[in-house]
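Colleague: What follows is a predicted protein model with its sequence.
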Amino acid sequence: MYPATYFCLFPAFPRDLRGFVAMSFDPRFDARWNNVLSRAISAVSVGDTRLTPHRVDLRIASDSILTEILDSIARCRIFIGDITAIGELHGKAIRNANVLYEVGIAHAVRQPEEVILLRSDDGALGFDIANVRVHRYDPDGSPEAATRFVGEKIIQAFNEVDQKKALGVRRAVEVLDYSAWMVLAEGNNAGAINYPAIRTMGQVLGGIARTAAISKLLEMSALKAEFVRPTEELLKLDVGNAEELIKYRVTPFGMAILEAAAQEQGFFDPQMRQLLDKYVLGDGK
């Protein structure tokens, strides 16, 4: 399957808790996989769960091998490429073509912070990757130091991704209008929301803002659609409640937007909590 076909047909979410490694399967590289890369990945935790090291053995011929590689690149939490030279030809470093191919795909579909490149040689890099950050490490001579180094780079990458996500959330909060904010809050409180009924002109006019808000939040990935299994009542034409066949739920990104907006409004401040308890939840006296 061609990469473009795969990434158009299959969404890359949710991410799994794997650290995918693209590297040569030459026996000379087995030690760095066993003693450095797999250990470094396994030592990093996401929440309460540790990452799982993963690589696809290209020596095992299969019709689905490329699909497995594409799926791994798309869904892994972090991509690590060891582009160490596997030999020399006329004084020039020869690097594994399969690894470079996978690195190219990762650069095309993943954030720059999610792609870590490593090498243990000093040979010249090709023009296409000469300007990309490639970390030098020594997995054979200093495996312990190399393991710590790779682990630190993974954690650093996660921190950089989190910072970028925070900027994305901040931008989303800045363009959030009142109707979208209300729909998000309602979805959070109710668990799910329905598309507004549009059976009469009054309903159409009254639901314009809500309809636009739902569309906006779907485009932002702050809401996701969830289809409901139809019942006999829902399928009756005279009931006229077909909008209940689909519900919308707040995504983790939508929750992050709500939390950021609440933070900006001061809802987490102790004094503000007292006012909310008094005037919103209490009797206001």
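Modeller: Now that the structure is in, tell me what you want to look at.
Colleague: contacts and neighbour counts: CA atoms only from here.
Modeller: Fine.
Colleague: where along the protein do the helices fall?
Modeller: Assigned by DSSP state H, the helices in the chain fall at 3-9, 30-32, 38-42, 65-75, 97-109, 143-174, 178-190, 201-206, 208-219, 232-235, 252-265, 270-276.
Colleague: could I get those as a markdown table with mean neighbour count?
Modeller: Formatted as a markdown table, those follow (neighbours: other Cα atoms under 10 Å):
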| stretch | mean neighbour count |
| --- | --- |
| helix 3-9 | 12 |
| helix 30-32 | 15 |
| helix 38-42 | 21 |
| helix 65-75 | 20 |
| helix 97-109 | 16 |
| helix 143-174 | 16 |
| helix 178-190 | 17 |
| helix 201-206 | 12 |
| helix 208-219 | 17 |
| helix 232-235 | 12 |
| helix 252-265 | 17 |
| helix 270-276 | 13 |
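Colleague: for the ones you listed, which one sits closest to residue 89?
Modeller: Minimum separation from residue 89 across the helices of the chain (Cα to Cα) falls at helix 97-109, 14.4 Å.
Colleague: Now that closest one - C-alpha only, PDB.
Modeller: Provided in PDB are the C-alpha atoms of helix 97-109 (Å, rounded to 0.1, in the frame of the first residue of the first chain):
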ATOM      1  CA  ALA A  97      17.800   2.600   2.400                       C
ATOM      2  CA  ASN A  98      14.800   1.100   4.200                       C
ATOM      3  CA  VAL A  99      15.500   3.100   7.300                       C
ATOM      4  CA  LEU A 100      15.900   6.300   5.400                       C
ATOM      5  CA  TYR A 101      12.600   5.600   3.600                       C
ATOM      6  CA  GLU A 102      10.800   5.200   6.900                       C
ATOM      7  CA  VAL A 103      12.500   8.300   8.300                       C
ATOM      8  CA  GLY A 104      11.200  10.200   5.200                       C
ATOM      9  CA  ILE A 105       7.600   9.000   5.800                       C
ATOM     10  CA  ALA A 106       7.900   9.900   9.500                       C
ATOM     11  CA  HIS A 107       9.100  13.400   8.700                       C
ATOM     12  CA  ALA A 108       6.100  13.800   6.300                       C
ATOM     13  CA  VAL A 109       3.300  12.700   8.700                       C
END
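Colleague: by contact count, what packs against it?
Modeller: Contacts defined by 3 or more Cα pairs under 8 Å, 6 or more residues apart in numbering; DSSP states H and E place helix 97-109 against strand 18-22, helix 65-75, strand 78-82.
Colleague: By mean pLDDT, show me the worst of those.
Modeller: Mean pLDDT is lowest for helix 65-75 among the helices and strands packed on helix 97-109, at a mean of 91.
Colleague: and it, what other elements does it pack with?
Modeller: For helix 65-75, the packing partners by 3+ Cα pairs under 8 Å, 6+ apart are helix 3-9, helix 97-109.
Colleague: distance between that helix and the chain's centre?
Modeller: Here the centre of helix 65-75 is set off from its chain's centre by 15 Å, with Cα atoms, centre = their mean, to the nearest Å.
Colleague: So the chain: which segments form each domain?
Modeller: Domain ranges of the chain: 3-163, 175-281, per automatic domain parsing.
Colleague: Pass me the low-pLDDT residue ranges in the stretch 101-250 of the chain, would you?
Modeller: In the predicted model, the stretch 101-250 of the chain carries pLDDT under 70 at residues 232-243.
Colleague: returning to what we had before: including distance to residue 57, could the helices and strands packed on helix 97-109 go into JSON lines?
Modeller: Below are those laid out as JSON lines (distance: least, Cα to Cα, whole Å):
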{"stretch": "strand 18-22", "distance to residue 57": "10"}
{"stretch": "helix 65-75", "distance to residue 57": "9"}
{"stretch": "strand 78-82", "distance to residue 57": "14"}
